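Student: sequence and predicted structure below; questions after.
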Amino acid sequence: MSVVLGGRTAVRDASLTVAAGELVGLLGPNGAGKTTLLRAVLGLITTSAGSVETDGRVGYVPQRHEFAWDFPLDVADTVLSGRTRMIGWLRRPRAHDRAAADEALELAGLTDLRRRPIGELSGGQRQRVLVARALAAEPRLLLLDEPFTGVDVPTQELLNELFGRLAAEGRGLLMTTHDLAAAARTCTRVILLNRTVVAEGGPELLSDPDQMLRAFGLDQAIAAGSAAGRAAGSATEAAA
C-alpha cells in the first residue's frame, strides 16, 4: 500500500504480512512511516493505493503520550473502554465484556491496580494499561507503537513475556520499536522500513551492515549494528 499525507508520500508500495504466532518488529529511522503504516492498517488514515486485509479483530497500542491520562477514569474502566466498539455507544457492558476486560487486566499484571485513577500511574503502569485496553477487544492482530519507550526494565521484561505468550497462543503482533537490541532478542522476524520495505528476515538481519545502511543511513546504521551485535552476544551468553 501507499499513503500520501499533505502532498508528501509517507509510505510507498509497502507490502508485508504478519502471520498468526509471529512477533514482527517494524524498524526504521524517524520519519520512515512506521506509525503511519500502523494507522493505515487500522483505517485511521486513508491509503492512496493498495489494500489491507486482516483476519479478525485488530487491537492497537498507541504511543503513551497520545492518550489522555488526565481523564477521570480508573484502570478497570479504561481497560473496559477497549470494548466500546463491541458494546456500542451508551450501552451497558455485558458479562462477556467485563470478563474480557478482567482477563486483560490479569494478563497485564494490573488486577491489584484496577481501582487506581489512571492519572496516578507510573509510566510503566500506563504502558501496561494501554496493552490491556487493546487486549480487552480480544484481537487476532495486535499493533504496538513503540511499547518500550520510557518504561523501566521490569516493565520491559513483563511486556516481552506477555508478547511472547500472545504469539504462542496464535495471535499476530506487529511492533514498531527503536530498541534494536530488544528486537534482536524477542522478535521472530523483523522488517526494515524507510518509506517502503527495505528488507525483511530473521533477527540476524539487524546485524547485516548493508541492509542497515540501506534502511538507516551511515551514522544510524553503525549505532544500530553495535546495539544488535551486543544483543546477539547477550543472547549467546544466556544460551550458554
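Tutor: Sure thing, it's come through. All values derive from a computational prediction rather than experimental measurement.

Student: all contacts plus neighbour counts: C-alpha atoms, from now on.
Tutor: Noted.

Student: what about residue 192, which helix or strand?
Tutor: Taking DSSP states H and E as the definition, one finds residue 192 inside strand 189-194.

Student: ignore the last one, residue 167
Tutor: helix 153-168.

Student: contacts for that helix?
Tutor: Helix 153-168 is contacted from outside by 20-23, 107-108, 124-125, 128, 148, 172-173, 186, using C-alpha atoms under 8 Å, 6 or more residues apart in numbering.

Student: where does the prediction get shaky in this protein?
Tutor: 218-240 (pLDDT under 70).

Student: helix or strand right after the helix holding residue 167?
Tutor: strand 172-176.

Student: now that following strand, how far from the chain's geometric center?
Tutor: With C-alpha atoms, centre = their mean, to the nearest Å as the basis, strand 172-176 stands 5 Å off its chain's centre.

Student: elements contacting that strand?
Tutor: strand 23-27, strand 141-145, helix 153-168 (3 or more C-alpha pairs under 8 Å, 6 or more residues apart in numbering; DSSP states H and E).

Student: for the last one, C-alpha coordinates in CSV please.
Tutor: Only the C-alpha atoms of helix 153-168 are listed here, as CSV (Å, rounded to 0.1, in the frame of the first residue of the first chain):
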residue,chain,number,x,y,z
VAL,A,153,13.5,-2.8,32.9
PRO,A,154,10.9,-4.8,34.9
THR,A,155,8.1,-3.5,32.7
GLN,A,156,10.1,-4.3,29.6
GLU,A,157,10.6,-7.9,30.9
LEU,A,158,6.9,-8.2,31.7
LEU,A,159,5.8,-7.0,28.3
ASN,A,160,8.3,-9.2,26.5
GLU,A,161,7.0,-12.2,28.3
LEU,A,162,3.4,-11.2,27.6
PHE,A,163,4.1,-10.6,23.9
GLY,A,164,5.8,-13.9,23.6
ARG,A,165,2.8,-15.6,25.3
LEU,A,166,0.3,-13.9,23.0
ALA,A,167,2.3,-15.1,19.9
ALA,A,168,2.5,-18.6,21.3
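
Student: buried residues of it, list them for me.
Tutor: Across helix 153-168, burial judged by 16 or more other C-alpha atoms under 10 Å covers 155-156, 159-160, 162-164, 166-167.

Student: got the angle for that helix vs strand 172-176?
Tutor: Going by axes from the mean of the first three to the mean of the last three C-alpha atoms, to 10 degrees, helix 153-168 is angled at 140 degrees with respect to strand 172-176.

Student: ok so, going back, now the helices and strands packed on strand 172-176 in CSV, with distance to residue 195?
Tutor: Shown next, in CSV, are the helices and strands packed on strand 172-176 (distance: least, C-alpha to C-alpha, whole Å):
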stretch, distance to residue 195
strand 23-27, 11
strand 141-145, 16
helix 153-168, 26
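
Student: returning to that earlier point: list buried residues within the contacts of helix 153-168.
Tutor: Buried among the contacts of helix 153-168 (16+ other C-alpha under 10 Å): 20-23, 107-108, 124-125, 128, 148, 172-173, 186.

Student: for residue 10, state which of these is nearest.
Tutor: residue 173 (22.2 Å; C-alpha to C-alpha).

Student: that closest one and residue 147 touch, don't they?
Tutor: No: between residue 173 and residue 147 there is no contact under C-alpha atoms under 8 Å: 11.9 Å.

Student: tell me the domain boundaries of the chain?
Tutor: Here the domain assignment for the chain is 3-56+140-239, 72-139, based on automatic domain parsing.
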